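> Starting from these lines, generate the structure:
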Amino acid sequence: QLQLVESGGDLVQPGGSLRLSCAVSGSTLDSYAIGWFRQPPGKEREEVSCIDMSGAHTWYAGSATGRFTISRDNAKNMVYLQLNSLKSEDTGVYYCAARQRIWGMCIVPLYDHWGQGTQVTVSY
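Residues are numbered from 1 along each chain as shown. Next comes the predicted model:
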């Protein structure tokens, strides 16, 4: 059974940076597209960024473009999300999720396997 575990969330000041990690176990990572999603306080879960099975294709939400970078290391079964120039509106629980063998739209309903999330708080 595929398991995903996020880490790296923290309290950071506006303008700061964080690197989120997603450790995947239970299967080979190269069979899965991976997405990062977040849930701001009091709001619905939303897409942030997705990456295809090989890492050749990526997608970013408009709010993430130019500030966040998604990457993966299939040999280590790890996926990363580098967060730069953080803003207060980036605050939320960040989740990684997996979708087997299909690279398509980066939206919540299409992803089948989810981690428990890691909290990112951007504040003074």
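
> chain center to stretch 10-22: distance?
Centre-to-centre, stretch 10-22 and its host chain are 13 Å apart (Cα atoms, centre = their mean, to the nearest Å).

> center of the protein - which residue?
Trp36 (2.2 Å; Cα atoms, centre = their mean).

> what's the distance between that one and Thr91?
15 Å (Cβ to Cβ, to the nearest Å). For every residue, glycine as well, the C-beta is placed using N, CA and C.

> quick one on the thing from earlier: now do the contacts for the residue nearest to the centre of the chain.
20, 22, 47-50, 70, 79, 81, 94-97 (Cβ atoms under 8 Å, 6 or more residues apart in numbering).

> what's the answer for Arg101, then?
Contacts for Arg101 (Cβ under 8 Å, 6+ apart) come out as 31-33, 53.

> could you redo the last one with a cut-off of 7 Å?
Ser31 (Cβ atoms under 7 Å, 6 or more residues apart in numbering).

> For Gly26, see how far away it is.
For Arg101, the distance to Gly26 - Cβ to Cβ - is 15 Å.

> swap in Val5?
11 Å.

> ok, now Ile107?
23 Å.

> Ok, Lys87 next?
For Lys87 relative to Gly26 (Cβ to Cβ), the value is 34 Å.

> what's the answer for Gln116, then?
According to Cβ to Cβ, Gln116 stands 15 Å off from Gly26.

> for Thr65, same thing?
The gap separating Thr65 from Gly26 is 32 Å, by Cβ to Cβ.

> Equivalent analysis for Val12, please.
Taking Cβ to Cβ, one finds Val12 at 31 Å from Gly26.

> Likewise for Val120?
25 Å.

> the more surrounded of these two?
Taking neighbours as other Cβ atoms under 10 Å, Val120 and Gly26 compare with Val120 leading, 22 against 12.

> Just the element for that one, please.
strand 118-122 (DSSP states H and E).

> Strands of the protein, start to end?
Using DSSP state E, the strands of the chain run over 3-7, 11-12, 18-25, 32-39, 46-51, 58-60, 68-73, 78-83, 92-100, 113-114, 118-122.

> And for Arg67, nearest residue in space, chain neighbours not counted?
Closest residue to Arg67 in three dimensions, ignoring its sequence neighbours and counting by Cβ to Cβ, 6 or more residues apart in numbering: Ser85, at 4.7 Å.
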